[in-house]
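Chemist: Generate a structure from the sequence data that follows.
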Amino acid sequence: MKLVFFDEFVPGVLRGGEVVDISPALGDLRVEDGQQTLQNIIENFEQLKPGLDVALESGEGKNLNDVRLRQPVPRPRKVLCMIGNYKEGVQRPIRPIDTFLKSPESIVGPGDTVILPKREHPIFHHEAELGIIIGKDSHEVTQANAMDHIFGYTAFVDVSARGAIGKADSGAGSFFGKSYATFGPIGPCIVTKDEIKDPQALAIKLWVNGQLRHDYNTDDMEHPIPEIIEFTTSVTPLLTGDIIACGTNHQGLGPLQDGDTGTISISEIGEFSFDVSDPYKRNWKKEVDEIAAERVRKGESPLANQYPSK
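Modeler: Predicted coordinates:
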């Protein structure tokens, strides 16, 4: 099942090129707050599923062209992002697992606009990632039962301002460099886990203005999903509706700049686009960032010492 929110965060399910309003099937579980509605759906999904199946089969649908899809997780309480976590096409020792927090206020949805901030950074990159939606409150979960704690999956773009705040030559993943408002497009839906046969065999692609950038498969993860869940929940409890972004393969990394349109696609999940606006009209070469890609292949930070503007 592909769950969405549309227009004024009306809950729905996708059916081909249509969306079906599932509010009648939710009853009192649909509340004014979209995130609480999602949490209610997740927590009561098994009881709700027969009614949702009926709505999916026979409910009146609206053409997707006539609605505005919103972020399928309206405002998660926690967003954790894996650092790196891909082999980058080279044979090397597996790097230690690590993660960072990204602000929940960064989350936006399909068709929304990523707005680049006034603060100077050497470059702004896109990172296409698989997102995991947590299905129940989880703490100190073992790999053996980790998949039981997943509700579903979504497509996630980790927009990244390179260079730590106040340190233009630093490439460290930072909370602030990752957490500007609008720096977390997600969508187009949450696909429930029962519809994803193997989340470690999904094709991820991202285009900018029709130019293919990212093109990789989740089978290249250094630390697979059960290990990710075990690690993150050993540090902090995860709550229903929280998001874990599984990291990215940096080959295909490139800049985002004013006027761009990015499109992310993940097999078995779907695709969506987002726009980019920069009030300060900074620009870089409109191509794959080979400097950053080569540095990551060597196990270094993606930030080179200098990115000249075009």
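
Chemist: Scan this protein for its longest helix.
Modeler: Secondary structure assigned by DSSP state H gives helix 45-58 as the longest helix of the chain.

Chemist: Paired strands for the next helix or strand after that one, with orientation please.
Modeler: Sequence order places strand 61-63 as the next helix or strand after helix 45-58, per DSSP states H and E. On the basis of DSSP bridges, the sheet neighbours of strand 61-63 come out as strand 18-21 (antiparallel).

Chemist: Who are the packing partners of the helix or strand following the partner strand?
Modeler: On the C-terminal side of strand 18-21, the closest following helix or strand by DSSP H and E is helix 23-26. Contact partners of helix 23-26 among helices and strands, from 3 or more C-beta pairs under 8 Å, 6 or more residues apart in numbering; DSSP states H and E: strand 10-15, helix 34-43, helix 45-58. Placement of C-beta: from N, CA and C, glycine included.

Chemist: Of all the ones you listed, which one is nearest residue 76?
Modeler: Evaluated over the helices and strands packed on helix 23-26, closeness to residue 76 peaks at helix 34-43, with 7.2 Å, by C-beta to C-beta.

Chemist: by contact count, what packs against the longest helix of the chain?
Modeler: Helix 45-58 is packed against strand 10-15, strand 18-21, helix 23-26, with contacts defined by 3+ C-beta pairs under 8 Å, 6+ apart.

Chemist: Out of the ones you listed, which is closest to residue 213?
Modeler: Smallest distance to residue 213 across those (C-beta to C-beta): 25.6 Å, for strand 10-15.

Chemist: Next, format the helices and strands packed on helix 23-26 as TSV and append mean neighbour count, mean pLDDT and distance to residue 298.
Modeler: Formatted as TSV, these follow (neighbours: other C-beta atoms under 10 Å; pLDDT from 0 to 100; distance: least, C-beta to C-beta, whole Å):
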stretch	mean neighbour count	mean pLDDT	distance to residue 298
strand 10-15	21	98	41
helix 34-43	20	98	41
helix 45-58	14	96	44
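
Chemist: For residue 25, list the residues it contacts.
Modeler: Neighbouring residues of residue 25 by C-beta atoms under 8 Å, 6 or more residues apart in numbering: 48, 51-52, 54-55.

Chemist: And the furthest pair within those?
Modeler: 48 and 54 (10.7 Å).

Chemist: before we move on, back to that, between the contacts of residue 25, which is closest to residue 143?
Modeler: For the contacts of residue 25, the nearest to residue 143 is residue 48 (28.9 Å; C-beta to C-beta).

Chemist: Test my guess that that closest one contacts residue 27.
Modeler: No: at 9.2 Å, residue 48 and residue 27 do not qualify as touching, with contact defined as C-beta atoms under 8 Å.
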